[in-house]
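>>> Need coordinates for the below:
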Amino acid sequence: MRDDELTATIQAIRDQVRARHPVGSLGLDGVFAPDLTPLVHARDAAEAKVAAIGTVNPRPPGLKNSIVQFFKKSIARMLDWHVREQVEFNRASMQCVQASIEALADTGRALAALAAHHQEHLKYARELTAEAQELRDVRRHWSEWRVSFEERRSASEIHMLRTISELQGAFQHRVTLLEQNFRELARQQHAGFQTALENNTLDVQKRLWRDLEEIRGQYENLIHHELKVIRQKAAAGAFSNASSAGATTPTTAGAVNIDWLRFAEVFRGSPERIRDHQKMYAAKFAAVDPRPKGEILDVGCGRGEFLEAARDAGIDARGIDQSDECVAICKSQGLKAERADLFAHLESLADLSLAGLYCSQVVEHIPPDRLPDLVNLMASKLNHGAMIAIETPNPECLAIFATHFYIDPTHTRPVPAPLLRFYLEEAGLVNIDVQRYAPAVESMPSLMELPSGFRENFFGGLDYGIFAKKP
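Sure, this is the predicted structure:
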């Protein structure tokens with residue numbers, strides 16, 4: 001650092017010190033720290049002079065000035081022995097001055113410490129003086145304060161006793177109310193428990209009676225179906241006896257000797273459920289426009305569910321079946337039906353004589369080699385614009401092979417929809433449409449665990465209906 005920069009820094013520090021202590025006050029009135037600035041300046045000037053002893057002033061460059069400078073330095077070296085004692089004396093004097101300055105600085109710091117200590121004692125003395133003044137005031141006014149204190153204490157005691165009495169009364173009142181509320185709540189809970197118990201008892205009794213009624217209804221329904229089958233058999237026997245007069249040999253619906261009416265009731269479903277399904281076919285026949293002339297023939301009419309649905313829809317329809325019992329049941333309901341062989345009856349009809357033909361759950365009973373002949377025969381009997389509707393088990397649904405198809409011992413083999421479509425096309429029918437019914441998942445909920453695409457392709461409708469028209 002250069003001398004001018006060092007001087008500027010020292011001056012800045014001095015200015016800051018003077019700003020904090022403008023007149024060198026030590027915090028006590030009339031007591032100031034000595035100002036050592038002039039002494040420091042004098043010391044600095046003396047040190048500068050001491051440092052200048054024995055030096056030669058520089059001169060500008062040049063031959064003349066160089067010669068002069070050489071002589072001046074030589075003379076200074078020759079006089080060095082003469083001024084050596086003076087130089088040492090000057091340096092000792094500067095050291096004395098420096099020691100004096102340091103001693104004066106230490107004295108100033110000691111005075112500052114004494115001033116600070118004095119300030120603390122002075123502050124403490126002032127606090128003690130204030131406390132002594134307060135104690136003197138307290139002692140002077142103690143007699144007056146004691147009287148008022150006694151009065152306030154008595155008033156406070158009276159107020160406290162009165163408050164305790166009021167709190168005790170409020171507590172007693174609160175306890176009484178809580179006891180009353182508790183008794184009332186216990187009474188209400190007891191009443192609610194008794195009411196809930198009575199309601200639960202009534203509910204259990206109602207559910208018991210409802211279950212008994214449901215069981216009774218199921219038993220009555222079972223008895224009703226059994227009696228219905230008996231009445232149907234009786235009616236079938238009566239109509240059979242009346243029509244044949246005892247001369248006709250009885251026939252059955254197939255080679256298997258079983259009760260076919262009960263078989264249909266157990267495995268195919270109730271007549272009401274089948275009738276609701278046949279209403280869809282009746283509506284399709286009713287929607288044919290223009291409606292061809294003639295009757296609609298129900299091939300394999302069974303118990304006559306389609307004939308009833310057609311009658312309700314205002315359609316003229318009749319049926320044929322090989323079962324005397326089924327024909328008798330249809331006639332007992334006022335339906336037009338007769339016992340006839342399928343092929344023989346169709347061959348006996350005139351061509352273009354039928355306004356429609358319905359064949360439900362029949363083609364799977366036909367031997368495969370006779371099915372094309374049956375389709376051609378039915379197509380030839382349809383009038384122009386007439387519709388044919390055929391329903392049969394759907395072999396595309398694998399579930400029918402597990403549960404449905406082989407329940408009937410007279411089934412030969414299922415007929416795929418593409419094959420039946422081919423037979424209808426070969427017979428000259430048009431507008432062929434296939435619809436699938438009764439999804440397998442409805443009767444087999446476990447199929448929902450299969451992927452939807454696989455389920456729809458291999459476990460779709462249990463049955464399908466195929467529709468075609470005679471051009």
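
>>> drop to CA atoms for contacts and neighbour counts, all remaining ones
Fine.

>>> so how far is residue 208 from residue 201?
As judged by CA to CA, to the nearest Å, residue 201 and residue 208 stand 10 Å apart.

>>> partners of the longest strand seen in the chain, with directions?
With secondary structure taken from DSSP state E, the chain has its longest strand at strand 382-393. Using DSSP bridges, the strands paired with strand 382-393 are strand 354-360 (parallel), strand 461-469 (antiparallel).

>>> what about residue 150, distance to residue 5?
Residue 150 is 78 Å from residue 5, by CA to CA.

>>> gap between the strand or helix carrying residue 149 and the chain center?
Secondary structure assignment for residue 149, by DSSP states H and E: helix 80-244. The chain centroid and the centroid of helix 80-244 are separated by 35 Å under CA atoms, centre = their mean, to the nearest Å.

>>> Give me the mean pLDDT for it.
The average pLDDT within helix 80-244 is 81.

>>> for stretch 286-293, same thing?
pLDDT averaged over stretch 286-293 gives 86.

>>> What residues sit buried inside it?
291, 292, 293 (16 or more other CA atoms under 10 Å).

>>> got TSV for these, with secondary structure too?
Below are these laid out as TSV (DSSP: H, G, I helix; E, B strand; the rest coil):
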residue	secondary structure
291	coil
292	coil
293	coil
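
>>> what about residue 326, distance to residue 215?
Taken as CA to CA, the span from residue 326 to residue 215 is 31 Å.

>>> Equivalent analysis for residue 204, please.
16 Å.

>>> what's the domain layout of this protein?
Using automatic domain parsing, the domain parsing of the chain gives 3-140, 251-469.

>>> With distance to residue 188 as new columns, can those domains be given to me in TSV?
Formatted as TSV, the domains of the chain follow (distance: least, CA to CA, whole Å):
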stretch	distance to residue 188
domain 3-140	67
domain 251-469	50
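
>>> Just the CA coordinates for stretch 365-377, please, in PDB.
What follows is stretch 365-377, C-alpha atoms only, in PDB (Å, rounded to 0.1, in the frame of the first residue of the first chain):
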ATOM      1  CA  HIS A 365     -86.200 -84.300 -35.700                       C
ATOM      2  CA  ILE A 366     -86.000 -84.800 -39.400                       C
ATOM      3  CA  PRO A 367     -83.400 -87.300 -40.800                       C
ATOM      4  CA  PRO A 368     -80.700 -85.300 -42.600                       C
ATOM      5  CA  ASP A 369     -81.300 -86.800 -46.000                       C
ATOM      6  CA  ARG A 370     -85.000 -85.800 -45.900                       C
ATOM      7  CA  LEU A 371     -84.500 -82.200 -44.800                       C
ATOM      8  CA  PRO A 372     -83.900 -80.800 -48.300                       C
ATOM      9  CA  ASP A 373     -87.000 -82.500 -49.500                       C
ATOM     10  CA  LEU A 374     -89.000 -81.000 -46.700                       C
ATOM     11  CA  VAL A 375     -87.700 -77.500 -47.400                       C
ATOM     12  CA  ASN A 376     -88.500 -77.900 -51.100                       C
ATOM     13  CA  LEU A 377     -92.000 -79.200 -50.300                       C
END
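
>>> List the buried residues of it.
365, 366, 371, 372, 374, 375, 376, 377.

>>> Tell me which residues touch the fourth one, please.
The reference is to residue 372. Applying CA atoms under 8 Å, 6 or more residues apart in numbering to residue 372 gives the contacts residue 423.

>>> Which helix or strand contains it?
helix 371-381.

>>> now, of the domains of the chain, which is deepest in the fold?
domain 251-469 (a mean of 18; mean count of other CA atoms under 10 Å).

>>> which stretches of the stretch 251-400 of the chain have low pLDDT?
Applying pLDDT under 70 to the stretch 251-400 of the chain flags residues 251-261, 265-267, 269.

>>> got the residue ranges for the strands in it?
295-299, 317-321, 337-339, 354-360, 382-393 (DSSP state E, counting those that start in this stretch).

>>> ok, the third one: who's next to it in the sheet?
Each strand pairing with strand 337-339, determined using DSSP bridges, is listed with its direction: strand 317-321 (parallel).

>>> from the chain's centre, how far out does the helix holding residue 372 sit?
60 Å.

>>> Kindly report the same for stretch 327-336.
Centre to centre, stretch against its chain (CA atoms, centre = their mean), the figure for stretch 327-336 is 60 Å.

>>> Can I get it in CSV, CA atoms only?
Taking C-alpha atoms only, stretch 327-336 is exported to CSV below (Å, rounded to 0.1, in the frame of the first residue of the first chain):
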residue,chain,number,x,y,z
VAL,A,327,-104.1,-82.0,-31.1
ALA,A,328,-106.7,-82.7,-28.5
ILE,A,329,-105.3,-79.9,-26.3
CYS,A,330,-105.4,-77.5,-29.2
LYS,A,331,-109.0,-78.4,-30.0
SER,A,332,-110.0,-78.0,-26.4
GLN,A,333,-108.8,-74.4,-26.6
GLY,A,334,-110.8,-73.7,-29.7
LEU,A,335,-107.8,-73.8,-32.0
LYS,A,336,-107.7,-75.4,-35.5
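
>>> Now do the helix holding residue 372 against strand 295-299, angle only.
Orientation check (axes from the mean of the first three to the mean of the last three CA atoms, to 10 degrees): helix 371-381 against strand 295-299 gives 170 degrees.
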